[in-house]
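Asks: need a structure here:
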Amino acid sequence: MSGGPERPQARHRAEGVGNPGRRALLVGAAGAGGVAGGLALGGQASAADTSAYAVDVVAKGADPTGARASDAAFRAAAAEVLASFQPGPISGAIPKKTILIPPGTYLLTQPDSLLPNVNGNGGGGIVDGIAITGYGKRLSRITYAPTANDTTLWTNNQRYKNIRVSGLTFSSTNPTSSFNYAYSSATHGVQDTWYTDVEWRGSWKRGIGLDGPDPASNLNSEMGWDHCQVSGTYTDAFLVIGMTPAVAQQDQFLNYWFRDCKVEYTSGVFVKNRRGGSMNFTGGSYILTGEGASGTFFQLTGDAPSRADSVRRLYAAGIRFELRGAGHKVIDSSWDRGHVTFLSCDDSAHSYRPWADEANSHLYRFNGRGPMVRYTDCTLLGYHKVVTSAAATTEGKVLYDGCRIMDETSASGANAFFRWEGSQPWHEFRDCVIGQGRLADLKRP
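Replies: Here you go, the predicted model:
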């Protein structure tokens with residue numbers, strides 16, 4: 001009726017209370033990338049102020065259908081985020097905005113479109129706190145299809161630290177492409193990077209490559225992968241620790257965590273450690289899917305023999321490894337000290353295959369001395385081998401405690417489960433089962 005009181009619903013709609021705008025819905029649904037990001041900065045997030053905390057790439061012109069390239073839109077979003085500096089109590093420059101990537105497929109064809117490649121040492125300083133947020137892997141998807149070979153989607157040259165990437169799928173169409181290259185120095189580090197609910201698919205040369213010069217800067221560290229998925233193919237490796245060991249570079253790449261990840265890729269190496277580090281892999285499923293291809297989950301090289309034990313540590317717990325071909329390995333190690341531990345792991349899914357008893361699934365090269373290697377409560381396929389020098393091994397041991405050996409009938413020797421080439425290495429079996437029976441405890445030499 002005309003002249004009557006205004007209804008509350010109509011008043012709310014007019015004020016935008018009951019009908020929030022598109023940006024408010026996007027940022028609200030994004031969770032950590034939107035509302036939580038605003039609250040973390042001490043603000044009270046609302047439909048009216050969320051744009052102060054997130055930059056929507058679609059609002060910058062990105063095409064969520066993938067029909068046209070979105071490089072310019074992503075670069076514009078990154079530029080706005082990097083221009084949103086606010087004073088920080090510790091590091092100085094902290095962006096107060098995050099990059100928000102709504103559901104869809106976004107085509108990037110040029111390197112460094114995700115974040116600009118700027119040298120932080122004299123070229124703008126360190127940016128402390130970068131967040132790139134999607135709506136979940138396979139919901140928010142980025143396809144990297146560069147026209148040139150040997151390019152990298154984003155480079156961290158002594159500039160970005162405290163990085164959070166979440167809820168995204170990255171796929172490469174060019175097998176010479178890499179996802180990320182990170183370089184740190186003694187004064188400008190790139191530590192503290194976390195990937196959460198992120199997936200890599202397609203054909204890559206390399207996923208993430210870490211580099212840093214001597215003297216030991218130890219700042220290319222503290223990196224984690226939580227509930228991530230690694231798929232596709234890698235001509236080099238998904239993670240390379242120490243990209244150029246032929247030149248002097250830092251010794252201690254430290255503290256890497258993979259938690260409850262799904263690693264199911266076709267070929268190549270999952271983690272290649274060419275320098276050192278303390279690495280933890282807990283939970284998850286690790287599968288090499290290319291039956292006729294070669295692949296190794298952990299490759300530990302001997303490029304820097306001067307490393308200390310404290311930076312040569314690999315711990316794997318509660319992981320189901322699946323080797324689907326005779327050319328697959330869980331580990332290929334040339335470390336001559338340190339510690340390697342497998343706790344409650346199982347790689348026996350294909351122990352029934354005719355090639356299983358002659359599959360060298362775990363390989364160690366001691367070279368006169370080696371690490372302390374321990375398998376506890378594990379179920380193991382094929383055979384393990386240690387290659388040593390002609391001289392007696394002075395350090396290093398392989399211990400099996402409470403393990404089940406699936407494919408061999410004897411514990412150690414030329415055609416047994418534990419084999420060696422060169423001098424006999426120190427090894428021990430305690431409370432193990434082989435085949436269908438109990439294995440007598442053994443300690444040699």
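
Asks: just checking, which helix or strand of the protein averages the lowest pLDDT?
Replies: Least confident helix or strand, the chain: helix 35-40 with a mean of 34, by mean pLDDT, DSSP states H and E.

Asks: sort out which residues of the longest helix anywhere in the chain are buried, please.
Replies: Criterion DSSP state H: the longest helix present in the chain is helix 71-82. Neighbour-count burial for helix 71-82 flags 71, 73-78, 81-82 (criterion: 16 or more other C-beta atoms under 10 Å). C-beta coordinates here come from the backbone N, C-alpha and C atoms, glycine included.

Asks: low-scoring stretches of the stretch 151-300 of the chain, by residue?
Replies: Filtered on pLDDT under 70, the stretch 151-300 of the chain yields the residue ranges 214-219, 245-252.

Asks: need the strands for it, in chain order.
Replies: For the stretch 151-300 of the chain, the strands defined by DSSP state E, counting those that start in this stretch cover 152-157, 160-172, 178-183, 193-211, 223-226, 229-230, 233-241, 256-265, 267-273, 277-288, 295-300.

Asks: between those, which one is nearest to Thr376?
Replies: Thr376 lies closest, by C-beta to C-beta, to one member of those: strand 277-288, at 14.2 Å.

Asks: given the closest one, what are its sheet partners and their directions?
Replies: Paired neighbours of strand 277-288 in the sheet (DSSP bridges): strand 256-265 (parallel), strand 312-317 (parallel), strand 320-323 (parallel).

Asks: can you list contacts of it?
Replies: Under the criterion C-beta atoms under 8 Å, 6 or more residues apart in numbering, residues 221, 241, 252-267, 270-271, 273, 295, 297, 310-325, 328 lie in contact with strand 277-288.

Asks: got the angle for it vs strand 233-241?
Replies: Relative orientation of strand 277-288 versus strand 233-241 (axes from the mean of the first three to the mean of the last three C-alpha atoms, to 10 degrees): 160 degrees.

Asks: using PDB, write out every CA atom in strand 277-288.
Replies: What follows is strand 277-288, C-alpha atoms only, in PDB (Å, rounded to 0.1, in the frame of the first residue of the first chain):
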ATOM      1  CA  GLY A 277      68.600 -31.300   4.400                       C
ATOM      2  CA  SER A 278      66.300 -32.700   7.100                       C
ATOM      3  CA  MET A 279      63.300 -34.200   5.200                       C
ATOM      4  CA  ASN A 280      60.100 -35.600   6.700                       C
ATOM      5  CA  PHE A 281      57.500 -37.600   4.700                       C
ATOM      6  CA  THR A 282      54.500 -38.700   6.800                       C
ATOM      7  CA  GLY A 283      51.400 -40.500   5.600                       C
ATOM      8  CA  GLY A 284      50.000 -40.600   2.100                       C
ATOM      9  CA  SER A 285      50.100 -42.800  -0.900                       C
ATOM     10  CA  TYR A 286      53.100 -42.800  -3.300                       C
ATOM     11  CA  ILE A 287      52.600 -44.600  -6.600                       C
ATOM     12  CA  LEU A 288      54.800 -44.800  -9.700                       C
END
